[in-house]
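K.L.:
Okay, sequence plus prediction incoming.
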Amino acid sequence: MKAKIYVTLKRGIHDPQGHAIHQSLATLGFEAINEVRLGKFVEVDIEEHDQEKAEATVKNMCDKLLANPVIENYRYELFSS
Amino acid sequence: MKAKIYVTLKRGIHDPQGHAIHQSLATLGFEAINEVRLGKFVEVDIEEHDQEKAEATVKNMCDKLLANPVIENYRYELFSS
Amino acid sequence: MNVGVISFPGSNCDRDCHFVCNDILKQSSRLIWHQETSLKNIDLVILPGGFSYGDYLRTGAIARFSPIMDSIIEFASHGGLVLGICNGFQILLEVGLLPGAMLRNTHLSFICENVSIKVENADTPFTNQFSVDQILNIPIAHAEGNYYADSTTLSTLHEHGQIVFRYCSGNGTLTNESNPNGSLDHIAGICNQTRNVLGMMPHPERSAEAVLGSTDGILLFNSVLNTFEKSES
Amino acid sequence: MSSISTPITKELIAQHGLSDDEYQQILTHLGREPNLTELGVFSVMWSEHCSYKSSRVHLKRLPTEGERVVQGPGENAGAVDIGDGLAAVFKIESHNHPSFIEPFQGAATGVGGILRDIFTMGARPIALLDSLRFGELDVAKNRHLLKGVVSGISWYGNCIGVPTIGGEIAFNDIYSKNPLVNVFCLGIVEKDKLLKGLAQGVGNPVLYIGAKTGRDGIHGATMASDSFDDQSDAKRPNVQVGDPFLEKLLLEVCLEFLEKDLLIGIQDMGAAGLTSSSCEMASRSNTGIELDVAHVPCREPNMTPYEMLLSESQERMLLVAKPGKQEEVIAICHKWGIDAAIIGKVTDDGMLRIKEHGATVAEIPAKALAEEGPRYERPIQAPQYQEMLQSLLVDNLPDVKNPADVLLQLLRSPTIASKQWVSRQFDHMVGTNTMVRPGSDAAVVRIKGTNKALAMTTDGNSRYCLLNPYIGGTLAVAEAARNLACSGAIPIGVSDCLNFGNPERSDVMWQFVVALEGISDACRHLNIPVVSGNVSFYNETNGLSIYPTPVLGMVGLIEPAHLVTTQWFKHAGDQIVQLGETNEDLGGTEYLKLIHNREQGNPPWLDLDREQALQRLLIQSIRQELLESAHDCSEGGLAVTLSECCLSHPFQPLGASIQLDQKRLRVDALLFGESPSRAIVTVSPQNMKSFLNIAQEQGVSASIIGEVGGTELSISVVAESKTEIGKLNLPVETLTEAWSLSFEQHMNQ
Ligand SMILES: Nc1ncnc2c1ncn2[C@@H]1O[C@H](COP(=O)(O)OP(=O)(O)O)[C@@H](O)[C@H]1O
Ligand SMILES: [Mg+2]
């Protein structure tokens, strides 16, 4: 299966990169923008056809490595490949 | 509206980060993984209620700033906030 | 004193730390490959600066799973002295030996220059040769030194005197201009509650010799040596 | 698709950038028609980039020998003996075009490439420098390019842990469509352990280590060929992505091989990757190499031999192991977590033979590819506009009215302003060797385990070269050497990066040949051997070539290590001495360009004997500890040089009061002219007598022009009648503001 994982900074944590993108967009003339947040997008191709097992694996991966719980949240979607 | 933008390396472009994550997952015991690719996930909050106009803006932003057309592709989704 | 400097793949200040311990401090020091698991006879563990695993994904995120890390956790839990410098600090945060996390510098760029830091706690195994409020001139070199912790963690740090170094101006005041990376509360270095684990972004090993422009950093190594010698006698 | 069956048409030949004549030569070398794979291999190896076909006959002119030379041009990098059984290994290389297409990755992979050139020689890299040219910063695109290039260099160099200790940046519109990114690297090796790109010992195993091969950077000309296009274009990205982490591992692995003495030879896979490394190693050793591409670690499925041979994936090495050592080589690679595979063996028939699962798919004499490619003596003709460029009637220009204003403008111009915005993005201290950081004439690193230090600099002034390529060439060498001398170092070797336009144009070729003559003459006179270098032609966009831009990366030796001098004023009360003479040299100056909007005139003639005397004096008096500071006088002239002496102190700027005798010169020439062979030094009062004695012995004109101290820089120009005819009075704070904030302001506009 394929997992798409989105790792984002928790609300309330200042996101310097998102902030910089926001500013650059403004100088490029994109003015009506309220906020920009930058996160990571991880695509993982897992050799597992069982949805539930795949989900457990993905969750485990995120908890262990892909996201840092002090500052980040994650969310994922699974697709059969 | 809110835009969720996914920026990924084009197929065939070497992704050292994805590769390192893949290897790390393997040493952590996640063995049945074929590939990991790392991309960016940008959330933009636009002050625009017209779907079409918002879409044009987002596309424009991606072309101009958010994605590097030489090595990256992008895709986006729009939601009313 | 026996020093063990951990080499992770991508560490690049490991040899510099080894040089200071071995050639300047004249202590026995060795590089320990991250896949080793023994810290036998080691009195001080240094997690050096660099880009372990390229800093890919997140700084320190992959290195924390190196085989040696379990031994380091064990070593620290028995009071062993652990010093994390720059990337080493980031690894200590990721593995949870120190609280908090590291974000990108607010200005986003890598920054390499000498800064002033102020000693907040001179009563640790790493800082006993300093005095409180002493101002040190010391190099930093990082893109992610913007320390973050939630407010509860921050008050705990304050309460237990865990903030060891803070960025300051040349005369010791805490100004925004003298905070090079946007770090929370100007934090440049913290220790754990038992004081035996220290993480800091500035590089004491780069300011340990007059030919390199500053010797303020050597006092940190002298402090550790002093701690060690006291515990031996 | 089978490349063997693809017919070789005229069109296909042209798409591979080969001329009819070159194709005929291929037929002669092979004694038959090439197949598509072979055509591809010839096309890359005979490209200008790999074969030096337009430059090779001229490069012979460079002096490449000297007592200290351990390895001259012809290897991955040059090497110079520095005593204590050690050699300094160094080279400079360009990555101009990739950096224009994708500034971040282009510059990053440029750093990766030059690092590999150094550590394949068995040397541990200890310093990087970068020489950059961009269009003016008021254009957003140029700022974007600069930002990308700087972060690319910073990312790669910082990550791998080699300090970027210096370099230079200059701006001119001419580089807007063709920026230059040249990177210099230096490493240290035990002299008798130097590794070379050799493939000796028939039957010895050939190994591939490092990153997997992908379809990166496969030659542009060949991409147009649809005969093998079974996938979409997107599958053949022309941009390579760097992996500094992997390169760091490769570096450590290579040094471990050296320590354990496991190798016969090694070469990095740079341009034309697998092909160039294998045929060059075989050719140098008068052997052959046989490879089976089926064993090559690949990143993507279904790669053809053609693609594998031409791929320019980064962070890969080809090596020949000593007999029986291949397993140990592989074990070390695995310890560090990198791929390694035995892909072939050394043969005795002089052929580069490529197989795929045992079946031969290409077979070419290695020498035909590496050494016997085409050589051109292209037509040379001075351009008609040359005379117009050189003619300048200074008398028609008004002399300076408000020197203070002009000085501030010069200090603010990005070419002269402080480059701290750039250099602080580079880790310039990792390795704990950096004694002099970016910001002085040359950067200095100590060599641990010895009492020596090495000074390094990169220099080149393309406007001088445009106006007079010969003088420009000599001035570049002189300035680099003078920068080293100001730090106390004796120049011991140089690596040159020759960035020029289209060599098929006779005027460009003329610039090349004449500039090279200047460089050669100056190096010969100053006794500095050229041990390595790089030629970058075709720096041209829409028919417009860049200015001729030779860049020199020069290395000097300091011994004992502590006798180092920096450019900034140290103590109030020190006397300021001008060494060398100021003449009416306004041609080609920054002043003319910035204030009068002219890039015209003849650059100042360089008297090599005088230059040498000045440098001897600097080195000798630094060794006798007579100088407190020494700063080479170059762009912006005396006024800028003095300002820099005041300002560049890392934490304590100092003022100075100066009195200059006019000596019948225009005031602008006196203050902003760029006469060569000058330096500003400071001497404490008690050392002045000894110093002036040595200056006299060496025949160098030395005049005391002022004193360090106060919070202002004041310069007063006095005529023979003792009347003051020009005056400038600026608080150091004002100068600092102009000079140190300007770059950032330009970048953030
Ligand atoms: N301008 C030059 N002056 C002296 N030597 C040069 C010059 N240009 C190239 N060389 C030498 O020619 C050889 C081939 O250079 P190059 O093709 O740039 O090497 P690489 O394969 O590492 O890219 C090297 O030994 C280099 O030092
Ligand atoms: Mg090479």
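P.N.:
Here it is on my side, so go on. Ligands and ions are numbered 1, 2, ... in the order given.
K.L.:
CA only for contacts and neighbour counts going forward, please
P.N.:
Fine.
K.L.:
So stretch C:6-25, near chain B or not?
P.N.:
No - Stretch C:6-25 is not in contact with chain B by C-alpha under 8 Å from any C-alpha of the partner chain; minimum separation 11.3 Å.
K.L.:
Do any residues in that stretch lie close to chain D?
P.N.:
Yes - residues of stretch C:6-25 contacting chain D under C-alpha under 8 Å from any C-alpha: C:9-10, C:12-13, C:15-16.
K.L.:
okay, how far is it across that stretch, tip to tip?
P.N.:
Distance between the two ends of stretch C:6-25: 18 Å, counting by C-alpha to C-alpha, to the nearest Å.
K.L.:
so which residue of chain C comes closest to chain B?
P.N.:
Across chain C, no residue is closer to chain B than residue C:56, which sits at 5.3 Å (C-alpha to the nearest C-alpha).
K.L.:
And residue D:663, what's its pLDDT?
P.N.:
Residue D:663 carries a pLDDT value of 80.
K.L.:
Quick check: it is in a helix.
P.N.:
No - going by DSSP: H, G, I helix; E, B strand; the rest coil, the assignment for residue D:663 is coil, not a helix.
K.L.:
That one reaches residue D:719, doesn't it?
P.N.:
Yes - assessed by C-alpha atoms under 8 Å, residue D:663 is found in contact with residue D:719 at 7.0 Å.
K.L.:
What sits closest to residue D:679 if chain neighbours are left out?
P.N.:
residue D:632 (4.4 Å; C-alpha to C-alpha, 6 or more residues apart in numbering or on different chains).
K.L.:
That neighbour contacts residue D:676, correct?
P.N.:
No - taking C-alpha under 8 Å as the definition, residue D:632 is not a contact partner of residue D:676, at 9.1 Å.
K.L.:
Now do the strands in the stretch 251-400 of chain D.
P.N.:
In the stretch 251-400 of chain D, the segments counted as strands under DSSP state E, counting those that start in this stretch are D:263-268, D:288-292, D:316-321, D:340-347, D:351-356, D:359-365.
K.L.:
can I get the residues of stretch C:6-25 next to chain D in JSON lines with neighbour count?
P.N.:
Formatted as JSON lines, these follow (neighbours: other C-alpha atoms under 10 Å in any protein chain shown):
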{"residue": "C:9", "neighbour count": "23"}
{"residue": "C:10", "neighbour count": "25"}
{"residue": "C:12", "neighbour count": "24"}
{"residue": "C:13", "neighbour count": "28"}
{"residue": "C:15", "neighbour count": "19"}
{"residue": "C:16", "neighbour count": "19"}
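K.L.:
What about ligand 2: which of the residues you listed touch it?
P.N.:
By C-alpha under 5 Å from the ion, no member of the residues of stretch C:6-25 next to chain D lies near ligand 2.
K.L.:
Around ligand 2, pick out the residues from chain C.
P.N.:
Counting by C-alpha under 5 Å from the ion, no residue of chain C is near ligand 2.
K.L.:
Give the residue spans of chain C that score low on pLDDT.
P.N.:
Nowhere does chain C drop to pLDDT under 70.
K.L.:
Of all the residues in the lengthiest helix in chain C, which ones are buried?
P.N.:
Taking DSSP state H as the criterion, chain C has its longest helix at helix C:218-232. Within helix C:218-232, the residues that count as buried by 16 or more other C-alpha atoms under 10 Å in any protein chain shown are C:218-228.
K.L.:
Could you identify the helix or strand that succeeds the least confident helix or strand in chain A by mean pLDDT?
P.N.:
The weakest-scoring helix or strand in chain A, judged by mean pLDDT, DSSP states H and E, is helix A:16-27 (a mean of 91). Where DSSP states H and E defines the elements, the next helix or strand beyond helix A:16-27 is strand A:33-46.
K.L.:
ok, the residue of chain C closest to chain B - contacts?
P.N.:
Shown in contact with residue C:56 (C-alpha atoms under 8 Å, 6 or more residues apart in numbering or on different chains): B:17, B:20-21, C:62.
K.L.:
repeat for residue D:643
P.N.:
Counting by C-alpha under 8 Å, 6+ apart, residue D:643 touches D:713, D:735.
K.L.:
Can you check the pLDDT for it?
P.N.:
Note on residue D:643: pLDDT of 97.
K.L.:
Which strand or helix spans it?
P.N.:
Element membership for residue D:643, per DSSP H and E: helix D:637-647.
K.L.:
and that helix, how far out from the chain's middle?
P.N.:
26 Å (C-alpha atoms, centre = their mean, to the nearest Å).
K.L.:
Just the buried residues of that helix, please?
P.N.:
Within helix D:637-647, the residues scored as buried using 16+ other C-alpha under 10 Å are D:637-647.
K.L.:
Ok, stretch D:105-114 next?
P.N.:
D:105-114.
K.L.:
Format the residues you listed as JSON lines; extra columns: distance to chain B, secondary structure and pLDDT.
P.N.:
Shown next, in JSON lines, are those (distance: C-alpha to the nearest C-alpha, whole Å; DSSP: H, G, I helix; E, B strand; the rest coil; pLDDT from 0 to 100):
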{"residue": "D:105", "distance to chain B": "10", "secondary structure": "helix", "pLDDT": "93"}
{"residue": "D:106", "distance to chain B": "11", "secondary structure": "helix", "pLDDT": "92"}
{"residue": "D:107", "distance to chain B": "15", "secondary structure": "helix", "pLDDT": "96"}
{"residue": "D:108", "distance to chain B": "13", "secondary structure": "helix", "pLDDT": "96"}
{"residue": "D:109", "distance to chain B": "13", "secondary structure": "helix", "pLDDT": "93"}
{"residue": "D:110", "distance to chain B": "16", "secondary structure": "helix", "pLDDT": "95"}
{"residue": "D:111", "distance to chain B": "17", "secondary structure": "helix", "pLDDT": "97"}
{"residue": "D:112", "distance to chain B": "14", "secondary structure": "helix", "pLDDT": "96"}
{"residue": "D:113", "distance to chain B": "16", "secondary structure": "helix", "pLDDT": "94"}
{"residue": "D:114", "distance to chain B": "20", "secondary structure": "helix", "pLDDT": "97"}
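K.L.:
Show me which residues of chain C sit near chain D.
P.N.:
Going by C-alpha under 8 Å from any C-alpha, the residues of chain C near chain D are C:9-10, C:12-13, C:15-16, C:50-54, C:109-113, C:141, C:205-206, C:211-213.
K.L.:
Output stretch D:444-453 as CSV, restricted to C-alpha atoms.
P.N.:
Output in CSV follows, covering the C-alpha atoms of stretch D:444-453 (Å, rounded to 0.1, in the frame of the first residue of the first chain):
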residue,chain,number,x,y,z
VAL,D,444,44.9,31.2,6.9
VAL,D,445,44.6,27.7,8.3
ARG,D,446,47.2,26.0,10.5
ILE,D,447,48.3,22.5,9.8
LYS,D,448,47.9,20.4,12.9
GLY,D,449,50.9,18.4,13.9
THR,D,450,53.3,20.9,12.3
ASN,D,451,54.5,24.5,12.9
LYS,D,452,53.1,25.6,9.6
ALA,D,453,50.1,27.4,8.2
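K.L.:
got the buried residues for it?
P.N.:
Neighbour-count burial for stretch D:444-453 [16+ other C-alpha under 10 Å]: D:444-447, D:452-453.
K.L.:
Among those residues, which ones lie close to chain B?
P.N.:
By C-alpha under 8 Å from any C-alpha, no member of those lies near chain B.
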